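Participant: following is a predicted model, sequence given first.
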Amino acid sequence: MEVDRELDVKGLNCPLPILRTKKALSEMVSGQVLRVVATDAHAVKDFRAFAKQTGNELLNVTELDAVFEFLFKRK
């Protein structure tokens, strides 16, 4: 999948990953894809709720060695 922008929020804890993701998505156009890399264990739950609340689509979530990757599609 083509990614239009990447955001590294590793080492940050809630609410910073959400706030930075929200800001990044607001600077993108509809249909673009944002890749977010995080280490906060609560990020999976937080980002699922964030997607539901904002209408931005959470396309995929993966985890490798306690690093989570999220793909969001801008609404």
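Facilitator: Cool, got the structure. Note that the structure is a prediction, hence the values are computed from the model and not measured. Numbers count the residues shown, from 1 in each chain.

Participant: would you map the helices across the chain?
Facilitator: Using DSSP state H, the helices of the chain run over 16-26, 43-54.

Participant: okay if I get those helices as a markdown table plus mean pLDDT, distance to Asp4 and mean neighbour count?
Facilitator: In this view, the C-beta of every residue, glycine as well, is placed from N, C-alpha and C. Formatted as a markdown table, these follow (pLDDT from 0 to 100; distance: least, C-beta to C-beta, whole Å; neighbours: other C-beta atoms under 10 Å):
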| stretch | mean pLDDT | distance to Asp4 | mean neighbour count |
| --- | --- | --- | --- |
| helix 16-26 | 98 | 10 | 17 |
| helix 43-54 | 96 | 17 | 16 |
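
Participant: let me have those in JSON lines, adding distance to Leu7 as columns.
Facilitator: Below are those laid out as JSON lines (distance: least, C-beta to C-beta, whole Å):
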{"stretch": "helix 16-26", "distance to Leu7": "5"}
{"stretch": "helix 43-54", "distance to Leu7": "12"}
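
Participant: gap between the residue lying farthest from the centre of the chain and Leu34?
Facilitator: Centroid-distance maximum for the chain: Asp65 at 17.7 Å, with C-alpha atoms, centre = their mean. Taking C-beta to C-beta, to the nearest Å as the measure, Asp65 falls 22 Å from Leu34.

Participant: please apply the same query to Thr62.
Facilitator: When Thr62 is compared with Leu34 (using C-beta to C-beta), they lie 15 Å apart.

Participant: more neighbours, the two?
Facilitator: When neighbours are counted by other C-beta atoms under 10 Å, Thr62 and Leu34 differ, and Leu34 comes out ahead with 21 against 9.

Participant: now the more buried one. Nearest residue, chain neighbours left out?
Facilitator: Phe72 (4.6 Å; C-beta to C-beta, 6 or more residues apart in numbering).

Participant: please consider this matter closed, and thank you.
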